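Colleague: Okay, here's the prediction I keep looking at, along with the sequence it came from:
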Amino acid sequence: MNEPHPDLPIQPAWKTQDLVDFLSKDKSPTICFYGGEPLLETNKILEIMDQIDAEHYSLQTNGLLLNKLPTEYLIRFSTILVSIDGDEEKTDVNRGKGTYDKLSTNIKDIRSRGFTGDLIARMTISETSEIYKDVVYLIENTELTFDHVHWQLDVQWDEGMETRWDDFPKWMLKYNEGISRLVDYWITNLERGENKGMVPLLGIFRHILNNTSTDLPCEAGLRSFAIRTDGKISFCPLPPEYDFSVVGDIEKNSPSELENVIGVGNTCLECEVYNLCGGRCLFAEKTKLWGEKGFDLVCGTVKHLIRELQSIKPRVETLIQKGIVKREDFDYPKYNNTTEIIP
């Protein structure tokens, strides 16, 4: 595996016109501003939005600078994903004292200034997380007004699961128990006519309900790409420093040349849940930093979630027949909003 190269420019070395030229060949581009923290380059964001009329704009942010985003640009975003891990104690332990209060203030601010797009709590799930408690807290919190909650497991980024996890296999059992509780919480609320916006559940269940299949839900390497600060194009924003992730160049390639340039390997293609998972994470599948055993353990969490969702399909179909919920209620996301779907 290629070793990382940490010498990429911190700020974009390419000109906005380079991006304009590149995306002029895409009839309906969707642009996500991603970091690091993209709002440290707010002027660049505004410049891009002034010059490119994207079909959708998304923003992944730690939320601490949201109050600096001018209202006329704020309301053009279809989706804003804010990094938050649960209640004040959990978030501040992970992200620094005072973070939760600042996030709460800024979320209220953007709502008061007219942001009506999809506001997503984007959680990082680590060994300190209690998946059921933390997710339900964010869904039920009426002050934070999140439309959806998404989570990603903090796994397979290190050389071995013992690097930052004391006992991942033991924690995984608790996580799976929490997932079972979340599915039960979801169906209980669906029976009341309320669809709680848990992205992994919605994104997978839409295919279970409609008997459809998916490829990699985040579309990395298929229809979604990341432009590095040096102008190279990576299949995903997660491994920009790895040369193996480079699939093109903003000045040399067109969007159509990159479509379906890379996909998951046989480990995923031969899996019994591939039609509903699509591969979980292209970077993790290509690197397998935790080895085969660690990779399989993480996949076990996905299989558990899928089994739990499959078990409630008859109940949901009955709810649809009774008119309590609608089939289209599960059609999420309607566009690539940068949620990976699979935790």
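Modeller: Alright, I've got the coordinates. This structure is a prediction, so every number in the text was calculated from the model and none was measured.

Colleague: use CA for all of it now, contacts and neighbours both
Modeller: Will do.

Colleague: which ones are touching D329?
Modeller: With contact set as C-alpha atoms under 8 Å, 6 or more residues apart in numbering, D329 has these partners: N195.

Colleague: now do T212
Modeller: N275.

Colleague: distance of it from D331?
Modeller: T212 sits 12 Å away from D331, going by C-alpha to C-alpha, to the nearest Å.

Colleague: tell me the helices in the stretch 51-200 of the chain, going along the chain?
Modeller: 71-74, 88-95, 99-112, 131-140, 168-190, 199-210 (DSSP state H, counting those that start in this stretch).

Colleague: which of these is buried the deepest?
Modeller: With neighbours defined as mean count of other C-alpha atoms under 10 Å, the helices of the stretch 51-200 of the chain peak in mean count at helix 199-210, which reaches a mean of 20.

Colleague: outside of it, which residues touch it?
Modeller: Applying C-alpha under 8 Å, 6+ apart, the external contacts of helix 199-210 come out as 148-151, 183, 213-214, 276-277, 306, 309-310, 313, 317, 330-333, 339, 341-343.

Colleague: quick check: angle from it to helix 168-190?
Modeller: 60 degrees (axes from the mean of the first three to the mean of the last three C-alpha atoms, to 10 degrees).

Colleague: circling back to that earlier point, save the helices of the stretch 51-200 of the chain as TSV, and put in distance to C271 too.
Modeller: Shown next, in TSV, are those (distance: least, C-alpha to C-alpha, whole Å):
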stretch	distance to C271
helix 71-74	41
helix 88-95	34
helix 99-112	40
helix 131-140	26
helix 168-190	19
helix 199-210	16
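
Colleague: now for those, which one comes closest to E41?
Modeller: Among the helices of the stretch 51-200 of the chain, the nearest to E41 by C-alpha to C-alpha is helix 71-74 (13.9 Å).

Colleague: What mean pLDDT does the closest one get?
Modeller: Throughout helix 71-74, pLDDT has a mean value of 98.

Colleague: what's the answer for stretch 53-68, then?
Modeller: 97.

Colleague: Show me what L119 is bridged to.
Modeller: I80 (DSSP bridges).

Colleague: What distance do you get for it to C236?
Modeller: With C-alpha to C-alpha as the criterion, L119 and C236 are 22 Å apart.

Colleague: repeat for E257
Modeller: Separation of E257 from C236 (C-alpha to C-alpha): 16 Å.

Colleague: more neighbours, the two?
Modeller: C236 (22 against 10; other C-alpha atoms under 10 Å).

Colleague: Let me know whether that one touches R223 as I believe.
Modeller: No. Contact between C236 and R223 fails when scored by C-alpha atoms under 8 Å: they sit 10.5 Å apart.

Colleague: What's the local residue count around the closest residue to F225 other than its chain neighbours?
Modeller: Leaving aside its chain neighbours, F225 sits nearest to F235 (4.8 Å; criterion: C-alpha to C-alpha, 6 or more residues apart in numbering). Residues within reach of F235, counting by other C-alpha under 10 Å, total 28.
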